[in-house]
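Undergrad: I'll drop the sequence and a predicted model, then ask my questions.
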Amino acid sequence: NTPTKDKNNKMSATSSLPSHFDDSPVLQVDLSNVMEEDDSHQDRDISYASPIPGHDHVTANETAYDLGAPPDTGGMRGNAFAHIESVQVIRRKKKKKGQRVANEDKFEKKFLLHPMTILFPESKVTAIMGPRGCGKTTLLNFVTGTIAKGIKAKGNVSLSGQMGFIPHRDHLHGFYTCRWYMAHYTRLVGLEDNFANAKLSMDILIELGMDKHSDTRVGDEFHKGLTKGQRRRLSVALEALSSPETLFCDEPTSDLDSESAYQIMKFLRNYSRATGRRVVITMHEPASFLWKFIDNIVLLSEGKLMYQGPRTDIESFFAQNGAPCPAKYNPADHYLACVSPGFHINEKTPEDWSNAYHVWEKTGGMSGDIEHAISMSNSFPPGPPSVAGSTKFLSRVPSKPRFNEIVTTIEPKPSSRATIARAMFELARRYSWSQLLNPGLFAVRVALYFTLSLLLGFLFWDLESKDSYASVQSRAALLFYALTFFVFMSIASVPFNFRERERVEKEVRNGYYHPAAFHLAHALVSIPAMASLSLVSTFVLISMTKLQGALSFAFNLFLVLTCAEAWNQLVMYLSLKYIYAVGILGTLYSLSSLLLGFMIIPSEMPAWLGWMRYITPCTYSWRSFMVKEFGRAQAGRIFASENISISGMEVLEEYDIELVHPITDMFILFGLTLFANLASFVVLHLKHVWHKSYQVGSASVGMV
């Protein structure tokens with residue numbers, strides 16, 4: 001990019017733009033404001049390694065990432081809005097003992113958002129502001145179609161093109177570097193993994209001031225890495241990579257250092273300038289140096305609209321109502337203090353400010369723009385629900401609403417998301433790297449399994465050579481303890497998988513893939529991981545104890561660990577918090593250890609409880625271990641001590657497992673694994689469809 005001066009002595013630049021940003025190959029960009037606000041913004045060459053073979057290095061320019069085209073005011077894409085009829089939470093009333101109430105009086109309603117119509121102008125940064133609890137996040141959830149359970153909402157939303165959402169918390173993988181993460185997201189969102197997009201990724205990092213940290217690891221509890229502000233900047237870069245027309249950010253600058261907040265707001269302002277784009281953010285109290293990056297303001301208090309319109313007009317509104325901003329005072333702090341019910345710097349209540357705004361709106365505010373936006377939105381039909389690359393079954397949404405009636409109207413635009421097969425492949429690759437580089441997922445389990453196998457090997461050294469009667473109990477106890485411990489320790493990965501679920505939920509919300517794609521990828525990657533754990537444990541334990549059938553032991557252990565992993569995922573999908581999943585799985589595995597047949601034989605179990613042993617995978621694994629150790633070649637082997645002796649077949653009869661066929665049990669374990677995976681797929685799909693149907697109305701359906 002070469003900045004030049006036009007006849008009006010303004011700085012401009014000519015920039016080539018990738019096809020997925022805009023249709024025009026060359027754009028004229030007005031950089032005068034940017035250069036006036038940041039004198040240190042100088043062109044400089046940065047050399048970085050290219051991930052594409054054959055391109056050792058590429059030179060990037062600091063202004064290479066397009067700062068946006070001038071807005072096209074003649075189009076209809078600028079008429080994005082949200083019309084809210086009501087957003088309320090419905091709770092059951094507490095009643096006194098013995099009190100009778102009518103059905104209509106059993107519930108109480110609390111309005112979270114009152115009726116209002118909000119505009120989101122094109123090529124602008126719209127900031128939703130207000131005191132805590134005013135409804136900022138609720139409004140954002142309303143627009144993005146993610147209203148929480150228990151909240152009833154009704155209204156209309158009109159948007160254009162794809163939507164991107166950046167949550168308040170940064171759900172990032174700690175093992176990625178910034179450059180590596182951008183390359184991963186390039187493939188995940190459906191872009192070509194080529195030199196042009198590699199350069200685009202680097203340009204975005206440069207614009208966010210992350211070029212010096214492009215090869216720095218994100219970091220987690222195991223490794224040092226990026227600071228909180230740098231992580232937030234990376235989150236913004238990842239979502240901006242696919243160039244969504246509407247980018248939503250939930251408090252992108254809260255709790256950040258000044259440099260990170262400045263870089264993020266500067267980037268969002270520049271990003272919004274391109275034709276067809278808009279940025280919508282929530283903010284609590286922006287610092288004065290961030291105030292200039294906001295173009296449009298939506299001010300809320302107690303769920304009511306206090307003001308909406310250009311930032312340059314808000315002072316006029318407050319001045320007309322007797323509350324001008326004092327000189328040398330942060331405007332955001334002043335306006336928030338005026339409408340906050342906890343402050344008493346003026347006599348007006350939030351209700352008074354809401355009424356004052358409605359009067360101002362009718363006499364010269366936004367009323368004309370609102371009416372125009374609503375009339376223009378009728379040009380676009382309600383868009384069909386879509387999940388990139390998915391089949392009709394995966395993206396189907398019932399026409400009947402579950403609870404809410406939010407009709408979303410979108411301007412048709414082609415999707416740039418990956419196919420479900422490509423997304424699944426990329427997720428499998430990501431989870432494989434996570435298994436290798438995240439110690440909590442795999443390395444810790446390998447160390448635990450190896451250590452326990454080593455201890456058991458020393459404790460039961462050369463057990464197979466012993467023919468005493470006591471060695472029978474030792475064999476059964478060893479197989480029981482090793483099995484139950486290995487299965488129980490599979491819970492150790494649940495907290496880390498729960499974090500992965502949060503990342504997946506964010507990506508699913510942005511339409512990258514169907515959640516079932518992640519589960520299939522996870523199930524496939526778990527196969528070699530469980531095989532590795534089985535081989536390590538078998539090699540150590542069997543080589544030291546010399547028990548029968550090393551290959552059979554390894555395969556049996558592999559099947560039961562794979563089955564346990566599948567059931568872990570199913571319980572995790574059904575649990576709200578990881579601590580609930582850990583508690584449920586711990587209880588189930590503890591119960592299965594009691595019922596598998598070692599502590600109490602099946603014939604002595606209570607009839608009402610004994611049936612449960614047939615649905616626990618440990619039952620089939622342990623009795624297969626026992627049959628391999630005491631059956632067939634060992635059936636006639638005598639274990640004796642003084643006046644007591646018993647054969648291998650009699651041992652199996654003592655445990656009521658003499659008729660067990662190990663091959664049949666292996667098929668049962670495989671069936672339980674398959675059932676758990678299919679159940680997980682059904683749960684994920686139903687939750688996904690239910691969530692969509694919970695948001696949309698029966699008159700029309702639309703999802704970005």
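TA: Yep, it's here. Residues are numbered from 1 along each chain as shown.

Undergrad: longest strand in this protein, by residue count?
TA: strand 80-92 (DSSP state E).

Undergrad: which strands and helices sit next to the helix of greatest length in the chain?
TA: Criterion DSSP state H: the longest helix present in the chain is helix 662-695. Here helix 662-695 touches helix 515-545, helix 550-574, helix 617-630, going by 3 or more CB pairs under 8 Å, 6 or more residues apart in numbering; DSSP states H and E. The way it works is simple: take the backbone N, C-alpha and C, and place the C-beta from them, glycine included.

Undergrad: the first one packs against which elements?
TA: This means helix 515-545. Contact partners of helix 515-545 among helices and strands, from 3+ CB pairs under 8 Å, 6+ apart: helix 420-437, helix 444-459, helix 469-488, helix 494-509, helix 550-574, helix 662-695.

Undergrad: quick one, it and helix 550-574 angle?
TA: Using axes from the mean of the first three to the mean of the last three CA atoms, to 10 degrees, the inter-axis angle of helix 515-545 relative to helix 550-574 is 150 degrees.

Undergrad: just to revisit the earlier point, need the winner for burial among the helices and strands packed on helix 662-695.
TA: helix 617-630 (a mean of 26; mean count of other CB atoms under 10 Å).

Undergrad: measure stretch 656-670 end to end?
TA: With CA to CA, to the nearest Å applied, stretch 656-670 spans 23 Å between its terminal residues.

Undergrad: buried sites along it?
TA: Of the residues in stretch 656-670, 657-658, 660, 662, 665-666, 668-669 count as buried by neighbour count, 16 or more other CB atoms under 10 Å.

Undergrad: stretch 299-316 now?
TA: Of all the residues in stretch 299-316, those buried under the rule 16+ other CB under 10 Å are 299-309, 311, 313-314.

Undergrad: now, which of the residues you listed sits nearest Lys506?
TA: Comparing the buried residues of stretch 299-316 against Lys506 with CB to CB picks out Leu300 as the nearest, at 24.4 Å.

Undergrad: and of the buried residues of stretch 299-316, the nearest to Val689?
TA: Val689 has its nearest neighbour among these in Gly303, at 29.6 Å by CB to CB.

Undergrad: the closest one contacts Gly135, correct?
TA: Yes. Here Gly303 reaches Gly135: they are 4.5 Å apart, a contact under CB atoms under 8 Å.

Undergrad: joint contacts of these two?
TA: 87, 112-113 (CB atoms under 8 Å, 6 or more residues apart in numbering).

Undergrad: name the nearest residue to Trp461, sequence neighbours excluded.
TA: Distance criterion CB to CB, 6 or more residues apart in numbering; nearest residue to Trp461, sequence neighbours excluded, is Met544 at 6.0 Å.

Undergrad: is it true that that neighbour touches Ser465?
TA: No. Using CB under 8 Å as the test, Met544 is too far from Ser465 to be in contact (12.0 Å).

Undergrad: quick one: furthest residue from the center of this protein?
TA: Distance from the C-alpha centroid of the chain, by CA atoms, centre = their mean, peaks at Asn643 (65.0 Å).

Undergrad: for Gly610, find the nearest of the helices and strands packed on helix 515-545.
TA: Gly610 sits nearest to helix 662-695 of all those, at 16.9 Å, using CB to CB.

Undergrad: tell me the angle of the closest one relative to helix 494-509?
TA: With the same axes, to 10 degrees applied, the angle from helix 662-695 to helix 494-509 works out at 40 degrees.

Undergrad: and helix 662-695, average pLDDT?
TA: Per-residue pLDDT over helix 662-695 has a mean of 87.

Undergrad: so how far is that helix off the chain centroid?
TA: 20 Å (CA atoms, centre = their mean, to the nearest Å).

Undergrad: how about stretch 515-530?
TA: Centre-to-centre, stretch 515-530 and its host chain are 17 Å apart (CA atoms, centre = their mean).

Undergrad: cool, and stretch 141-153?
TA: Between the centre of stretch 141-153 and the centre of its chain there are 17 Å (CA atoms, centre = their mean).

Undergrad: now the end-to-end length of it.
TA: 10 Å.

Undergrad: buried ones in that stretch, by neighbour count?
TA: For stretch 141-153, by 16+ other CB under 10 Å, it's 141-147, 151, 153.

Undergrad: what lies in contact with stretch 580-590?
TA: With CB under 8 Å, 6+ apart, stretch 580-590 has contacts from 484, 487-488, 491, 494-495, 498, 564, 567-568, 571-572, 575, 616, 618.
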